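>>> heads up, no residue letters with this:
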Ligand SMILES: C[S@@+](CC[C@H](N)C(=O)[O-])C[C@H]1O[C@@H](n2cnc3c(N)ncnc32)[C@H](O)[C@@H]1O
């Protein structure tokens with residue numbers, strides 16, 4: 001009951017606030033977007049205002065209907081006003097046909113989905129050959145002590161952050177899903193605390209021929 005109230009009424013406000021802190025990172029990653037884009041787990045829609053002119057159409061998919069209520073489609077740039085679709089849906093079972101999108105954008109999402117391998121398999125399926133998964137994700141720390149702390153605190157963090165996990169090996173999962181990961185980098189981001197301070201960002205490419 002208390003957790004339910006927290007998840008429905010407090011967490012969305014917290015997320016809306018925390019999401020604003022990633023503005024610079026969001027802007028940098030969104031600048032890589034182009035063509036027909038699927039944004040997975042779009043949350044409160046914080047990335048909408050950063051979609052560049054190179055994006056032709058956007059489908060934004062969010063699982064949580066409370067978060068959807070925070071989204072403001074008017075934040076999308078004018079050229080996307082009639083080229084956007086905001087949907088409620090589950091990244092584990094995408095309601096799209098194969099090879100439909102040029103890019104799939106995941107900003108701080110693969111930490112939170114129940115089964116990243118399944119979500120990545122779906123992202124791979126709906127991408128065109130040569131298409132890209134554009135990611136910005138906090139992941140397991142390379143530093144041993146920090147990683148140990150992440151593992152230890154994860155059971156506490158997970159319910160408070162509504163499913164977010166501290167120590168995901170996201171790069172490995174992306175590689176296992178079949179993507180080429182040469183254009184991904186993992187690094188320690190100095191703006192954030194160590195527990196959530198190791199990031200994976202860049203493009204993971206679906207090979208032309210799989
Ligand atoms: C930390 S929030 C990030 C939100 C947003 N991408 C941002 O950058 O502010 C994680 C998001 O993943 C979404 N999510 C979790 N499981 C999901 C699923 N199965 N399908 C789609 N989205 C999911 C959550 O509802 C939430 O919006």
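Right, received. Where do you want to start? Computed from a predicted structure; not experimentally measured.

>>> contacts and neighbour counts: CA atoms only from here.
Will do.

>>> Verify the stated contact: residue 85 with residue 62.
No. Residue 85 sits out of contact with residue 62 when judged by C-alpha atoms under 8 Å, with a separation of 11.1 Å.

>>> more crowded one of the two?
Set side by side, residue 85 and residue 62 give different neighbour counts by other C-alpha atoms under 10 Å, the larger being at residue 62 (23 against 14).

>>> Is there a neighbour count for the closest residue to the more buried one other than its chain neighbours? I'd like the number.
Excluding the flanking residues, the one nearest residue 62 by C-alpha to C-alpha, 6 or more residues apart in numbering is residue 41, at 4.5 Å. Using other C-alpha under 10 Å, residue 41 has 26 neighbouring residues.

>>> Tell me the residues of this structure that contact the ligand?
The chain comes close to the ligand at residues 19, 40-43, 46, 62-64, 90-92, 107-109, 112-113, as judged by C-alpha under 6 Å from any ligand atom.

>>> how about a cut-off of 8 Å?
Residues of the chain found near the ligand, taking C-alpha under 8 Å from any ligand atom as the criterion, are 15-16, 18-20, 22, 26, 39-47, 61-64, 67, 89-92, 106-115, 119, 161-164.

>>> need the contact list for residue 74.
By C-alpha atoms under 8 Å, 6 or more residues apart in numbering, the residues touching residue 74 are residue 81.

>>> Over to it. Which of the three states is it?
Of the three states, residue 74 takes helix according to DSSP: H, G, I helix; E, B strand; the rest coil.

>>> Tell me the secondary structure of residue 82, please.
With three-state DSSP as the basis, the three-state label of residue 82 is coil.
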